[in-house]
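Participant: for reference, the sequence and a predicted model appear below.
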2 protein chains.
Amino acid sequence: MSGNWRPPSSTDVARAAGVSQSAVSRAFTPGARIAEATRAKVMAAAEALGYRPNLLPKILQTNRSGIVAVVVGGFYNPYFAMTLEAFSLALTAAGRQMLLVRVDSDRVLDGVVDQLAGYRVDAVVSALALTSQDAADQLAKLRIPIVTLNSDLAGDWIRSVSSDNFAAGEAAARLLHARGGTRFGFVAGPADSPAQVAREAGFAQGLASLGLPPAVRAGGGYDYASGEAAARALFAGPERPDAVFCANDLAAFGVIDTLREAFDLKVPDDVLVVGYDNLDMAAWAPYRLTSFDQDVEALVEAAMALLSVEAGATCVARTVPSQLVERESTRRR
Amino acid sequence: MSGNWRPPSSTDVARAAGVSQSAVSRAFTPGARIAEATRAKVMAAAEALGYRPNLLPKILQTNRSGIVAVVVGGFYNPYFAMTLEAFSLALTAAGRQMLLVRVDSDRVLDGVVDQLAGYRVDAVVSALALTSQDAADQLAKLRIPIVTLNSDLAGDWIRSVSSDNFAAGEAAARLLHARGGTRFGFVAGPADSPAQVAREAGFAQGLASLGLPPAVRAGGGYDYASGEAAARALFAGPERPDAVFCANDLAAFGVIDTLREAFDLKVPDDVLVVGYDNLDMAAWAPYRLTSFDQDVEALVEAAMALLSVEAGATCVARTVPSQLVERESTRRR
DNA sequence: CTGGCGAGTGAATAGCTATGCACGCATTCG
DNA sequence: CGAATGCGTGCATAGCTATTCACTCGCCAG
């Protein structure tokens, strides 16, 4: 009964309205030349049949689907939620749709590339640094523009947007020094994250240019558990840091909780802590964490601009400054 | 130069390989009748040209795109992130793609429905209760199945999956009573959320069947700030509750922080607190919040099953039990 | 009165793939 | 040796819309 049902086509509407298929198409095309009376007839018939124009034939001809694929590696970090939210709003405002692709690793992305190409997505946004050069090259061969966030890929069809991780690292060093820190610690994110590398390098550079000793290092992940583990490692010995810069907020929360629970240390009285991302939670009472706001709005705006750039354009990389938001966790001692 | 470039078609590959277009199609169709030698020739040519089969013509004929639209109202609540994560995995495993649609209100969904229909999405999953009956009816007219989570819509093309909110409310009442609570408080979510209503009703029923006085009520949102405000309201008077059930974890965090900061009350020593959703954060040191795990896996599995159900089927609503995870915040006094 | 013009309409077509149908060829069986 | 079977291939077509082209008709200006 409903097995072979198919949605009404423009031809069906045309038959019902007693006009040609072209007329129906024109009725739904803004600015097309059509008499008001005809348009009204068509609209009435369309309404009665529940007709919605099929977008696929247009896509088939133009190879422009209006769909942007957003590739993420998981949602455990609320930072991705912020980014997705902003992207979603921007894409909707631009009249485009978001195809969300979650991948565990490059290998899986490879498998999905075929599908993305098959759907003729207009572009790919990689919210993660996990898109490998290999996968990027593959997309480039298909002439699908790719915008990466906080990565360091390069290529003809690759544009990238980064927050100014290096400068933020420097700023963190200056801030911790100004607030009375003397022995510095750094809680690292995953080694394969360019953002992590830049933040660490900036922090080291900042300490060096102030004539301060380098930071003790621990960690290796962007999640809460990594922060816990890093804190245990950093504060196990006798020479405990009194100022810690964490590669992101989630790790910072783990650090703070561990300092309190396992070492009975107070923030900021015993240890100053700075994070990165400025999650909503950073403002919550147990943390009141000083952090760097990536200015997701600006990041996404830049990414959207790069999406529409032609291939071979000159400006293919943008850096968005991140803003320091100081809270209780770096109150001067 | 690159303005009129178009991706290679099966015809291009056929020409390059010296075979017919049909042969190319068959080479990419598993189980099709084709000689191994021919397949090899085709694959070599396809590789050289960077050919990927265009999925659109198939969709055009079958009206099945393999795309499922997921409608959400925002990402501020990490619970949505959990749900998205699980859905994403399930859809990928089923070889389908996820079109993520973020809407502010029903009105916006109405506007997007045309597009969804135009792309011939196979189904719509509404992760929010914000899909109105009106929008649902509209989708039904288009014969697009819709699966709603924790909502109470009804109709021919609507299936729904809910966690057992009522039972959880009852369980919360029993638990708080068993742990020594005597004066009960309820921190409500938004009034238009069926989940909120069911949780509150279950809690009330639970208290009543134990012969306990009804709970004092405050709140009206699922976010942290609502929890803060609710706590201020509940604990302003002289008759302070000593056991609070919150409609979700995020609000519970706001409650706990406010109890500590503004009222100098300890959890669980002075007040027992129970939340709902079992976010990752519920396990963190400052909270150690007793909560109900919605079993997102099961929820999504049920939703996936309902996606493929035929219209007019009998089983169109499922309830998934949520599991109590007890932590420090309800330690017996 | 006629040529021209503009508005409105219908017919035809491109865009790409999967698949049913028919055909050729080789192999096997009676 | 003839017939039948089955494999492999090519041809033709459906699916739906936007757009181009050609055509008609009414109207105005010369």
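Facilitator: Received, thanks. Numbering: from 1, shown residues only, chains lettered A, B, ... in the order given.
Participant: which SSE is residue A:117 in?
Facilitator: Element membership of residue A:117 [criterion: DSSP states H and E] is helix A:106-119.
Participant: same check, this time on residue A:33
Facilitator: According to DSSP H and E, residue A:33 maps onto no helix or strand at all.
Participant: can you count the residues close to the spatially closest residue to it that is not a sequence neighbour?
Facilitator: In this structure, residue A:33 finds its nearest non-sequential neighbour in residue A:26, 6.9 Å apart by C-beta to C-beta, 6 or more residues apart in numbering or on different chains. Where you see a C-beta, it was placed from the backbone N, CA and C, and this is true even at glycine. Using other C-beta atoms under 10 Å in any protein chain shown, residue A:26 is surrounded by 19 other residues.
Participant: so what does residue A:26 look like in phi/psi?
Facilitator: Taking degrees, to the nearest 10, you get phi -60, psi -40 for the backbone angles of residue A:26.
Participant: give the helix, strand or coil label for residue A:69.
Facilitator: With DSSP: H, G, I helix; E, B strand; the rest coil as the basis, the three-state label of residue A:69 is strand.
Participant: could you report the pLDDT at it?
Facilitator: For residue A:69, the model assigns a pLDDT of 95.
Participant: please, where are all the helices along the stretch 101-250 of chain A?
Facilitator: Counting by DSSP state H, counting those that start in this stretch, one finds helices in the stretch 101-250 of chain A at the ranges A:106-119, A:133-141, A:165-178, A:194-209, A:224-234, A:249-263.
Participant: and the second one, which residues are buried?
Facilitator: Going by neighbour count (16 or more other C-beta atoms under 10 Å in any protein chain shown), the buried part of helix A:133-141 is A:135-136, A:138-140.
Participant: one more: the first one?
Facilitator: Applying a neighbour-count criterion of 16+ other C-beta under 10 Å, one finds A:108-109, A:112-113, A:115-119 buried in helix A:106-119.
Participant: give the contact list for the most centrally placed residue in chain A.
Facilitator: The centre of chain A sits closest to residue A:127, judged by C-alpha atoms, centre = their mean, with a distance of 3.7 Å. Going by C-beta atoms under 8 Å, 6 or more residues apart in numbering or on different chains, residue A:127 touches A:70-73, A:80, A:83-84, A:87, A:149.
Participant: with the buried residues of helix A:106-119 in mind, which one is nearest to DNA strand C?
Facilitator: Within the set of these, residue A:118 lies nearest DNA strand C; the separation is 8.4 Å, counting by C-beta to the nearest atom of the strand.
Participant: low-scoring stretches of chain A, by residue?
Facilitator: Low-confidence segments of chain A, defined by pLDDT under 70: A:1-3, A:105-108, A:129-131, A:310-315.
Participant: run the last query once more with 80
Facilitator: Along chain A, the model assigns pLDDT under 80 to residues A:1-4, A:105-111, A:127-135, A:153-155, A:308-316, A:333.
Participant: flag every residue of it that's near DNA strand C.
Facilitator: Listed as neighbours of DNA strand C in chain A under the rule C-beta under 7 Å from any atom of the strand: A:19-23, A:26, A:33-35, A:37-38, A:57, A:60-61.
Participant: if we can go back for a sec, dump the helices of the stretch 101-250 of chain A into CSV; add distance to residue B:66 as well.
Facilitator: Converted to CSV, the helices of the stretch 101-250 of chain A look like this (distance: least, C-beta to C-beta, whole Å):
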stretch, distance to residue B:66
helix A:106-119, 8
helix A:133-141, 20
helix A:165-178, 38
helix A:194-209, 34
helix A:224-234, 36
helix A:249-263, 34
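Participant: ok, which of those comes nearest DNA strand D?
Facilitator: If you check each of the helices of the stretch 101-250 of chain A against DNA strand D by C-beta to the nearest atom of the strand, helix A:106-119 wins as the nearest, at 13.6 Å.
Participant: what sits up against the closest one?
Facilitator: Outside of helix A:106-119, the residues that reach it under the criterion C-beta under 8 Å, 6+ apart are A:65, A:67, A:69, A:71, A:99, A:101, A:103, A:124, A:130-132, A:134-135, A:138-139, A:142, A:144, B:7, B:52-56, B:67, B:92, B:97.
Participant: so how do I select the buried members of the residues you listed in ChimeraX?
Facilitator: Buried residues among the contacts of helix A:106-119 (16+ other C-beta under 10 Å), as a ChimeraX selection:
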select /A:65,67,69,71,99,101,103,124,130,131,132,135,138,139,142,144 /B:7,52,53,54,55,56,67,92,97
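Participant: follow-up on the earlier one: from the residues of chain A next to DNA strand C, list just the buried residues.
Facilitator: Burial of the residues of chain A next to DNA strand C was assessed by neighbour count (16+ other C-beta under 10 Å); the buried members are A:19, A:23, A:26, A:34, A:38.
Participant: from the residues you listed, pick the one nearest DNA strand D.
Facilitator: Nearest to DNA strand D among those is residue A:26, at 5.6 Å by C-beta to the nearest atom of the strand.
Participant: ok, the closest one to residue B:203 distance?
Facilitator: According to C-beta to C-beta, to the nearest Å, residue A:26 stands 58 Å off from residue B:203.
Participant: tell me the domain boundaries of chain A?
Facilitator: Chain A resolves into domains spanning A:10-54, A:64-163+A:296-321, A:165-293+A:325-330 when parsed by automatic domain parsing.
Participant: pull up the distance across the second one, start to finish.
Facilitator: Domain A:64-163+A:296-321 has an end-to-end distance of 33 Å (C-alpha to C-alpha, to the nearest Å).
Participant: and what of the shortest one?
Facilitator: The straight-line separation of the ends of domain A:10-54 (C-alpha to C-alpha) is 9 Å.
Participant: quick one: residue A:4 is in a helix?
Facilitator: No. According to three-state DSSP, residue A:4 belongs to no helix; its state is coil.
Participant: which ones are touching residue A:212?
Facilitator: A:173, A:177, A:184.
Participant: the residue nearest to residue A:309 when sequence neighbours are not counted: neighbour count?
Facilitator: Residue nearest to residue A:309 in three dimensions, not counting chain neighbours: residue A:159, with 6.4 Å by C-beta to C-beta, 6+ apart. Using other C-beta under 10 Å as the criterion, residue A:159 is surrounded by 24 other residues.
Participant: so residue A:159 touches residue A:146, yeah?
Facilitator: Yes. At 7.4 Å, residue A:159 and residue A:146 qualify as touching, with contact defined as C-beta atoms under 8 Å.
Participant: so who does the nearest residue to residue A:204 once chain neighbours are set aside touch?
Facilitator: Beyond its immediate neighbours in the sequence, the residue positioned closest to residue A:204 (C-beta to C-beta, 6+ apart) is residue A:214, lying 6.2 Å away. Neighbour list for residue A:214: A:184, A:204, A:207-208 [criterion: C-beta under 8 Å, 6+ apart].
Participant: and the gap between residue A:214 and residue B:12?
Facilitator: 58 Å.
Participant: now do residue A:208
Facilitator: 57 Å.
Participant: out of the two, which sits in the busier spot?
Facilitator: Looking at residue A:208 and residue B:12 with other C-beta under 10 Å, you find the greater number of neighbours at residue B:12, namely 17 against 13.
Participant: secondary structure class for that one?
Facilitator: Secondary structure of residue B:12, reduced to three states by three-state DSSP: helix.
Participant: could you report the neighbour count for the closest residue to it other than its chain neighbours?
Facilitator: Beyond its immediate neighbours in the sequence, the residue positioned closest to residue B:12 (C-beta to C-beta, 6+ apart) is residue B:49, lying 6.1 Å away. The local packing of residue B:49 (other C-beta under 10 Å) involves 17 other residues.
Participant: dump the residue contacts of residue B:49.
Facilitator: Residue B:49 makes contact with B:8, B:12-13, B:16, according to C-beta under 8 Å, 6+ apart.
Participant: also residue A:176?
Facilitator: Contact analysis of residue A:176 by C-beta under 8 Å, 6+ apart lists A:184, A:243, A:245, A:272, A:274, A:330.
Participant: ok, so of those residues, who is nearest DNA strand D?
Facilitator: For DNA strand D, the closest of the contacts of residue A:176 turns out to be residue A:274, at 53.1 Å, with distances computed as C-beta to the nearest atom of the strand.
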